[in-house]
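Participant: need a structure here:
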Amino acid sequence: MNNRAPSHLSPDAKKMWKGIIDEYEIDDPAGLKILRVALEAFDRGQMARETIDRDGLALRDKFGQLKPHPLLPIERDSRAAFLAGLKALSLDIEPLRDRR
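Facilitator: Take a look at the predicted model:
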């Protein structure tokens, strides 16, 4: 079975894919799909985080009032989906460090 990381994943997500596949020997179709979806959520959260870092946590609306950045819920939900995917795989993983 081909266990290569999906090509659309970021380099960081591909590195995690390889590490998780190698360490936990995931090779069943359901496990691979859960891992793919989890890492897609990771990438989505990272993209949201980069934009939030650039724009700031709050933006001014047309009236000049500060409002929370609209990508904050996407970042939060993506993080939750990523962690839920790892939990669904029943992995005993050490906390992931910032890979920047």
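Participant: CA atoms for contacts and neighbours, from now on please.
Facilitator: Will do.
Participant: excluding sequence neighbours, find me the nearest residue to Asp61.
Facilitator: Nearest residue to Asp61 in three dimensions, chain neighbours excluded: Lys67, at 6.7 Å (CA to CA, 6 or more residues apart in numbering).
Participant: the one you found - that's part of a strand, no?
Facilitator: Yes. The assignment for Lys67 by DSSP: H, G, I helix; E, B strand; the rest coil puts it in a strand.
Participant: from memory it sits against Arg60, does it?
Facilitator: Yes. Lys67 lies in contact with Arg60 (CA atoms under 8 Å); the separation is 6.0 Å.
Participant: quick one, helices of the protein?
Facilitator: Using DSSP state H, the helices found in the chain span residues 11-24, 29-55, 72-88.
Participant: can you redo those helices as TSV with mean neighbour count and distance to Arg4?
Facilitator: Listed next are those as TSV, based on neighbours: other CA atoms under 10 Å; distance: least, CA to CA, whole Å:
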stretch	mean neighbour count	distance to Arg4
helix 11-24	15	8
helix 29-55	18	10
helix 72-88	17	18
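Participant: got any ranges where this structure has weak pLDDT?
Facilitator: Counting by pLDDT under 70, the chain shows low-confidence ranges at 1, 94-100.
Participant: 50 instead, please
Facilitator: Along the chain, the parts satisfying pLDDT under 50 run over 99.
Participant: of all residues in it, which one is nearest the centre?
Facilitator: Phe42 (0.5 Å; CA atoms, centre = their mean).
Participant: wait, that one sits on Pro11?
Facilitator: No. Using CA under 8 Å, Phe42 is not in contact with Pro11; the gap is 11.6 Å.
Participant: before we move on, the earlier item: can I get the helices of the chain in a markdown table including distance to Asn3?
Facilitator: Converted to a markdown table, the helices of the chain look like this (distance: least, CA to CA, whole Å):
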| stretch | distance to Asn3 |
| --- | --- |
| helix 11-24 | 8 |
| helix 29-55 | 8 |
| helix 72-88 | 17 |
